[in-house]
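Q: This is the structure alone, sequence omitted:
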């Protein structure tokens, strides 16, 4: 099992007398989401698709929040530095929206209760009565709390790896990390979910929203919360974590110093700060001299405003990779106004002109993004910043952009490369792992 180091979390005790005067003290690098005194920074929302929150302006959000205050004040209170809910009402929901994060939280609940923690507004890290008397062994309570219960049956993470709940009356402690779609959960210092993708409960076929609130669910019994701390994970740390998920041995295709091993329009590229970058105003295709038919490649890329490049997949070394190779996977600043009216099959991650990738997963222009591409037979999967944006069998494509066919689908090129289009798009940490012909799906 893959484990990634978490920041240490220090226990914090509240005195019944002094709690209202002492703010919670988070571990280094964390911020408190609950101030120990009142419900500042929180509002109420039930099980509801969080994506509309991302489109609201500040005034719209404030108006939405205000409508819920009476409800949460009726069912939530602060007592001795603890958040207490009576088992009813809306879920306590952060006003702020979070992307990649590490969350620390303690909870204590009662018999028959059922609760959980929503991540980016999505259900959920499960909390419940795990005893037989609780009456929910038929739906998995016997496995314990901490699982991603709303994942599909049999999916990774749905059932916790071990039963880690403490007896009623004792506090339990979670450490939860979320990067992209991936979630890892420790309950009472035991690993219960290991690098599992959280499914989008509201739209199973869609990636998760890139940001959303933290929600503390209430469902049928009193629950208490304390020491609610969060650390936002920066992009470099997120990229390192996502890179580590491929536990197989991968070979570097780029030494960070020069373009040794690369062919094609190498004079139109430069190496800057350990990254290979297309020169502004230049272009053309560079490809690695190695041959890769079935493979997993991962890398980081950085886009300038309006940046445009591409990945040459199974390229033979001549012609336009979008048609002379198996395909070109688009690398593009989806947010730039000049690309507002493109065909859907021209946006980032798309198999150019054939299959459209899902959008909305890119980081802000100028930040480094992490991407993993898996090619097996004529199936291509693309993960961007931990979210699956393309999963396509190109052999089944029957409609092509502009009616122009892609003869490269039947050709036998085996090179991987980059397709410059005049913009200084940069790539670094390029690693390749070959897959056997049969490969795992």
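A: Arrived safely. Worth saying up front: this structure is predicted, and the values here are computed from it rather than measured.
Q: Pretty sure residue 211 sits against residue 94.
A: No. At 11.0 Å, residue 211 does not count as touching residue 94 under the criterion of C-beta atoms under 8 Å. To be clear about C-beta, it is placed using only N, CA and C from the backbone, and glycine gets the same treatment.
Q: neighbour count winner among the two?
A: Neighbours per residue (other C-beta atoms under 10 Å) separate residue 211 from residue 94, with residue 94 holding more: 20 against 17.
Q: How many residues are close by residue 273?
A: For residue 273, the neighbour count with other C-beta under 10 Å is 8.
Q: give me phi/psi at it?
A: phi 50, psi 40 (degrees, to the nearest 10).
Q: try residue 201
A: According to degrees, to the nearest 10, residue 201 has phi -60, psi -30.
Q: pretty sure it contacts residue 121?
A: No. Using C-beta under 8 Å, residue 201 makes no contact with residue 121, being 9.6 Å away.
Q: And the pLDDT for residue 439?
A: Looking at residue 439, its pLDDT is 43.
Q: The closest residue to residue 155 other than its chain neighbours and residue 161, how far apart?
A: Using C-beta to C-beta, 6 or more residues apart in numbering and skipping residues adjacent in sequence, the residue nearest residue 155 is residue 199, 6.8 Å away. For residue 199, the distance to residue 161 equals 18 Å [C-beta to C-beta, to the nearest Å].
Q: Can you show me the helices along this structure?
A: With DSSP state H as the criterion, the chain has helices at 51-55, 58-66, 69-75, 235-244, 321-324.
Q: Mind listing the residues bridging to residue 127?
A: Using DSSP bridges, the beta-bridge partners of residue 127 come out as residue 115.
Q: Would you mind confirming that it is in contact with residue 115?
A: Yes. Using C-beta under 8 Å, residue 127 makes contact with residue 115 at a distance of 4.2 Å.
Q: quick one, what contacts the residue nearest to residue 155?
A: Listed by C-beta atoms under 8 Å, 6 or more residues apart in numbering, the contact set of residue 199 reads 148, 150, 151, 152, 155.
Q: Just give the closest residue to the most centrally placed residue in the chain, not the sequence neighbours.
A: A centroid search over the chain (C-alpha atoms, centre = their mean) returns residue 180, at 0.7 Å, as the residue closest to the centre. Nearest residue to residue 180, sequence neighbours excluded (C-beta to C-beta, 6+ apart): residue 386, at 1.5 Å.
Q: The one you found: neighbouring residues, count only.
A: Here the number of neighbours of residue 386 (other C-beta under 10 Å) works out to 23.
Q: ok, now which ones touch it?
A: Taking C-beta under 8 Å, 6+ apart, we find residue 386 in contact with 100, 179, 180, 181, 182, 238, 242, 370.
Q: from what I can see the third one touches residue 242, true?
A: Which is residue 180. Yes. Residue 180 sits in contact with residue 242 when judged by C-beta under 8 Å, with a separation of 6.5 Å.
Q: Identify the contacts common to these two.
A: Listed contacts common to residue 180 and residue 242 are 383, 385, 386; contacts here mean C-beta under 8 Å, 6+ apart.
Q: could those residues be laid out in CSV, adding distance to residue 224?
A: Output for the shared contacts of residue 180 and residue 242, formatted as CSV (distance: C-beta to C-beta, whole Å):
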residue, distance to residue 224
383, 38
385, 35
386, 32
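Q: which among those gets closest to residue 223?
A: Distance to residue 223 across these (C-beta to C-beta) is lowest for residue 386, with 29.8 Å.
Q: mind listing the strands for the stretch 301-441 of the chain?
A: Remark: strands assigned in the stretch 301-441 of the chain by DSSP state E, counting those that start in this stretch are 308-315, 327-332, 368-376, 379-384, 387-393, 415-421, 426-434.
Q: Between residue 201 and residue 121, which has more neighbouring residues?
A: residue 121 (29 against 17).
Q: List the contacts of the more buried one.
A: Counting by C-beta under 8 Å, 6+ apart, residue 121 touches 45, 48, 49, 50, 53, 93, 209, 212, 213, 215.
Q: and these, which are buried?
A: Buried subset of the contacts of residue 121 (neighbour count, 16 or more other C-beta atoms under 10 Å): 45, 50, 53, 93, 209, 212, 213, 215.
Q: Pull the contacting residues for residue 43.
A: The contact partners of residue 43, by C-beta under 8 Å, 6+ apart, come to 64, 65, 68, 69, 72, 93, 95.
Q: looking at it, the last one is touching residue 214, isn't it?
A: Same thing as residue 95. No. Assessed by C-beta under 8 Å, residue 95 is found out of contact with residue 214, at 10.2 Å.
Q: Who has more neighbours out of those two?
A: Ranked by neighbour count (other C-beta under 10 Å), residue 95 and residue 214 place residue 214 first, with 25 against 14.
Q: Enumerate every residue touching the more buried one.
A: Residue 214 is in contact with 33, 93, 94, 98, 103, 117, 118, 119, 120, 230, counting by C-beta under 8 Å, 6+ apart.
Q: Just give me the neighbour total for residue 344.
A: Residues near residue 344, counting by other C-beta under 10 Å: 12.
Q: Tell me the spacing between it and residue 390.
A: Distance of residue 344 to residue 390, computed by C-beta to C-beta: 12 Å.
Q: who touches both of those two?
A: Common neighbours of residue 344 and residue 390 (C-beta under 8 Å, 6+ apart) are residue 350.
Q: Kindly point out which residues are neighbours of both of residue 127 and residue 115.
A: Residues touching both residue 127 and residue 115 (C-beta under 8 Å, 6+ apart): 107, 109, 217, 223.
Q: show me what contacts the last one?
A: Contacts of residue 223 were listed using C-beta under 8 Å, 6+ apart, and they are 84, 85, 87, 107, 108, 109, 110, 113, 115, 127, 216.
Q: In this structure residue 276 contacts residue 254, no?
A: Yes. Counting by C-beta under 8 Å, residue 254 is a contact partner of residue 276 at 5.9 Å.
Q: Give the intersection of the neighbour lists for those two.
A: Contacts common to residue 276 and residue 254, judged by C-beta under 8 Å, 6+ apart, are 427, 428, 430.
Q: Which residues does the first one form beta bridges with?
A: Think residue 427. Counting by DSSP bridges, residue 427 forms beta bridges with residue 276, residue 301.
Q: Counting neighbours, what do you get for residue 116?
A: Neighbour count of residue 116, defined by other C-beta under 10 Å: 26.
Q: residue contacts, it?
A: Each residue near residue 116 by C-beta under 8 Å, 6+ apart is listed here: 123, 124, 125, 126, 127, 128, 149, 217, 219.
Q: try 7 Å this time
A: Counting by C-beta atoms under 7 Å, 6 or more residues apart in numbering, residue 116 makes contact with 123, 124, 125, 126, 127, 217.
Q: and the gap between the fourth one and residue 148?
A: Right, the one you point to is residue 126. 7 Å.
Q: got it, and residue 41?
A: Residue 41 sits 26 Å away from residue 148, going by C-beta to C-beta.
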